[in-house]
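[1] sequence unknown, structure follows:
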């Protein structure tokens, strides 16, 4: 479904992504892990069109999408949510999602009808139920709790009905209990929507628990890939990465 | 059952028109009529600028370019050889011509300006406005240079409307201002209008929702410029001419001030701002030569004291009270 | 367009020299004002649209001081210092309250000040245009003749004095502790205040220095130009062009851009007198489109 071939990106002289090749199967649930500065978010930025690779190809459904702009890539079915929840503070949850649904349906150039009467409300309601934002649907996004803002960010991506969803640290900044709630919800969404899901995560317990396959990034290159067992047993990973206290992998390299 | 938004807005607009008409009949005072006409004209100007500033979050410094463009295109057309005292089609056609011409100008300027980021966008709009200002001053044979479009023009009667008649002019300005406001109200309450709010809040996220940010910014820029030109046309009709000061940068500061005065978060805030501005203008200039002193103090009060427009302030009070009573009920 | 006259001047050494000296004089006076604007923007991040009012105040203060003391030197000093003091009051009392607000509010506070100061000036000095101060006694001598061109010594003095100020400003910024702190504050205000340096004092100081430069420009310009309320309107927009072309916050950029604008004005007056302003704005547009950070500005990463 998605294949990166020899993708490289440097900022000035600093290599962020060095000849990365990765493939994700349709319907899979994969995690990308790696220490800070390993180039995980850069990979997402390259796939989603925020950055343009210096070289290499990014194939989505067999077509090279490298260098297309983000709106075009979203339209092809790749959605993303951000490490720091990226939302619209002055809109309510429901309004944000209605607008996102309208964008998906290409209704946003319409000036003659009323936003409030849009039939997107129904679909927005479904997404609200799906993500469990019902209690805060009428609240301003700015006033939501941290966790709900992260959820809203994911919900916005879902409104585009992506076939591939990229989640950048869905549990960032949450307490242990909240993390598990969040990740269970993400897994449920993945099952319900039949999409391909790739997420970046620091919490090893979470990664080993739910990811079908794991990619380990280090210094902009792929260090290892495989199932939880394989990664756990991989000597390179243990040395380069898990050698640090395994509880919290967020240790600088 | 609740009436749907557009119908409710139209009834409201009609109500305002009736009120303004009543005011004209009941208060037979040219001073008051003049304030209302100017408020109408500047409401269009300030509301159109607020599409960019309040809804889209783009601080345009050069909006008066389109006000002036509308006025000059209209004035030049009315002075042209094609228009005689009996050309019934002339004024409607002139209004249309001025708006189309300004739309083309806004399309060109907007296409360039929206490529610039943040503060550079503001500077570019200002620079384009000043180029227009310089061009108006330089093109003496056409525009009359610093003297402005002199010599007046005819106001042929159309559809029974005789704009040389004070009452007709008053009603005409009121009607056009209400229609323009209804159009803008519709736009900001449409799916398109919500995209504007999203682009103001978080353009990066909007792009990842598949929205072509620059396209929406450009369309809004053109729309705002076109409507601003309507204000210019009305001003030109009022003064029977056009003047280069209308293209000077200080003219762009006036609607900014009205927006600040009335509030940018409430749709009708700029209208309230235009009204306060015109009342201040009329009352203060009638009493003192030191108009700037008073106006400056008022601006400082709003900018440093109240820290928001009066419309937003009132709206905040109302919704706070509602919330409080809602809580008391629960 | 008077392109024939323009071409003729370019090939005629006396015209060339005369216009060049005139252009440099305009440019250097403009630099004094624009350097203050760009300095304030560079450190405080505020576009001081009221900057022209300090130029105006400088002229009025100089006028009164000259009338009282009959000393040109004192008049110029009073113009510069007076504007600097008003600048501190403006910064402390008003602008400092809107550092965190958006550019719109900052613009309007400045606009309010333009209106207020213009009226205050009329209240104090009256509505009539005041005649220019004239050159001081020492310079009331026959002009020099260079290759047939008339060059008034006073113009050379104005140019020289402005260059001296530019050099002094450069020395202050490059060599003194104040300059280092100011440059650091422009880069990273949190860092500077974390180091225990009083940013409030720095901001007020920079604003005072910026206003003082505007006042100095106004006082010197008043020796040649008539003085009136509203005289700040055109100078602020011109300084603004210089600041944008040179790069917001770059004093070296302002120096080069001011000379360019001065020469463009001087020669434009022969070639296309009516569209000189338009041309300047076109250059500003081009710079903003092609190199938004200005000729000497640092590109944002």
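    On my side now, so go ahead. Owing to the predicted nature of the structure, the values given are computational and were not obtained by experimental measurement. Residues are numbered from 1 along each chain as shown, chains lettered A, B, ... in the order given.

[2] Is chain B within reach of stretch A:200-209?
    No - Stretch A:200-209 stays clear of chain B (CB under 8 Å from any CB of the partner chain), getting no nearer than 15.9 Å. C-beta: built from backbone N, CA, C; applies to glycine.

[3] er, stretch C:111-130 I mean
    Yes - contact of stretch C:111-130 with chain B (CB under 8 Å from any CB) involves C:111-116, C:118-120, C:122-123.

[4] Just name the closest of those to chain A, please.
    residue C:111 (26.6 Å; CB to the nearest CB).

[5] For burial, what's the neighbour tally of that closest one?
    Neighbours of residue C:111 under the rule other CB atoms under 10 Å in any protein chain shown: 23.

[6] That one contacts residue B:299, doesn't it?
    Yes - counting by CB atoms under 8 Å, residue B:299 is a contact partner of residue C:111 at 6.6 Å.

[7] And stretch C:124-143, what's buried?
    C:130, C:133, C:135-136, C:139 (16 or more other CB atoms under 10 Å in any protein chain shown).

[8] so which of the residues you listed comes closest to chain A?
    Set against chain A, the nearest of the buried residues of stretch C:124-143 by CB to the nearest CB is residue C:130 (51.1 Å).

[9] what's the closest non-adjacent residue to that closest one?
    In this structure, residue C:130 finds its nearest non-sequential neighbour in residue C:227, 4.1 Å apart by CB to CB, 6 or more residues apart in numbering or on different chains.

[10] Residue B:295 touches residue C:113, doesn't it?
    No - using CB under 8 Å, residue B:295 makes no contact with residue C:113, being 11.4 Å away.

[11] So between the two, which is more surrounded?
    A count of neighbours by other CB under 10 Å puts residue C:113 above the other of residue B:295 and residue C:113, at 25 against 21.

[12] Are we agreed that the more buried one is in a helix?
    Yes - under DSSP: H, G, I helix; E, B strand; the rest coil, residue C:113 sits within a helix.

[13] Residue 221: what's it in contact with?
    Picked chain A for this. Residue A:221 makes contacts with A:18-20, A:39, as judged by CB atoms under 8 Å, 6 or more residues apart in numbering or on different chains.

[14] wait, chain B
    Residue B:221 makes contact with B:52, B:58, B:60, B:106, B:109-110, B:113-114 under the criterion CB under 8 Å, 6+ apart.

[15] who touches stretch C:90-98?
    The list of residues contacting stretch C:90-98 from outside it, by CB under 8 Å, 6+ apart, reads B:300, B:303-304, C:44, C:46, C:48, C:50, C:105-106, C:109-110, C:113, C:200, C:203-204, C:207-208, C:211.

[16] Can you select the buried ones from these in ChimeraX?
    Buried residues among the contacts of stretch C:90-98 (16+ other CB under 10 Å), as a ChimeraX selection:
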select /B:300,303,304 /C:44,46,48,50,105,106,109,110,113,203,204,207,208,211
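
[17] Now name the helix or strand holding the residue positioned nearest the centre of chain B.
    Among the residues of chain B, the one closest to the centroid is residue B:45, at 1.0 Å (CA atoms, centre = their mean). Applying DSSP states H and E as the criterion places residue B:45 in helix B:30-50.

[18] Report all helices and strands that that helix contacts.
    When contacts are defined as 3 or more CB pairs under 8 Å, 6 or more residues apart in numbering or on different chains; DSSP states H and E, helix B:30-50 packs onto helix B:5-26, helix B:166-188, helix B:213-239, helix B:249-262, helix B:269-287.

[19] any idea of the mean pLDDT in that helix?
    Regarding helix B:30-50, the rounded mean pLDDT is 96.

[20] For the stretch 1-150 of chain C, just list every one of the strands.
    C:144-146, C:149-151 (DSSP state E, counting those that start in this stretch).

[21] Give me the helices and strands touching the last one, please.
    Spelled out, that is strand C:149-151. Looks like strand C:149-151 contacts helix C:13-44, strand C:144-146 (3+ CB pairs under 8 Å, 6+ apart).

[22] Report the distance from it to the chain centre.
    25 Å (CA atoms, centre = their mean, to the nearest Å).

[23] Identify each buried residue in that strand, please.
    Using 16+ other CB under 10 Å as the test for burial, strand C:149-151 gives C:149, C:151.

[24] Identify all contacting residues around the following helix or strand past that strand.
    On the C-terminal side of strand C:149-151, the closest following helix or strand by DSSP H and E is helix C:153-175. Contacts to helix C:153-175, defined as CB under 8 Å, 6+ apart, come from residues C:21-22, C:24-25, C:28-29, C:31-32, C:35, C:135-136, C:139, C:141, C:143-144, C:178-179, C:182-183, C:213, C:216, C:220, C:223, C:251-252, C:255.

[25] ok so, going back, mind giving me the ChimeraX select for the contacts of residue A:221, buried ones only?
    Only the buried entries of the contacts of residue A:221 go into this ChimeraX selection, using 16+ other CB under 10 Å:
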select /A:20,39
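
[26] from the contacts of residue A:221, which is closest to chain C?
    Among the contacts of residue A:221, residue A:39 lies closest to chain C (CB to the nearest CB), at 18.4 Å.

[27] my guess is the closest one contacts residue A:19, does it?
    No - if you go by CB under 8 Å, residue A:39 and residue A:19 don't touch, sitting 11.2 Å apart.

[28] tally of neighbours for whatever residue of the stretch 51-200 of chain C ends up closest to chain A?
    Distances between the stretch 51-200 of chain C and chain A by CB to the nearest CB are smallest at residue C:102, namely 14.4 Å. Burial of residue C:102, expressed as a neighbour count using other CB under 10 Å, amounts to 11.
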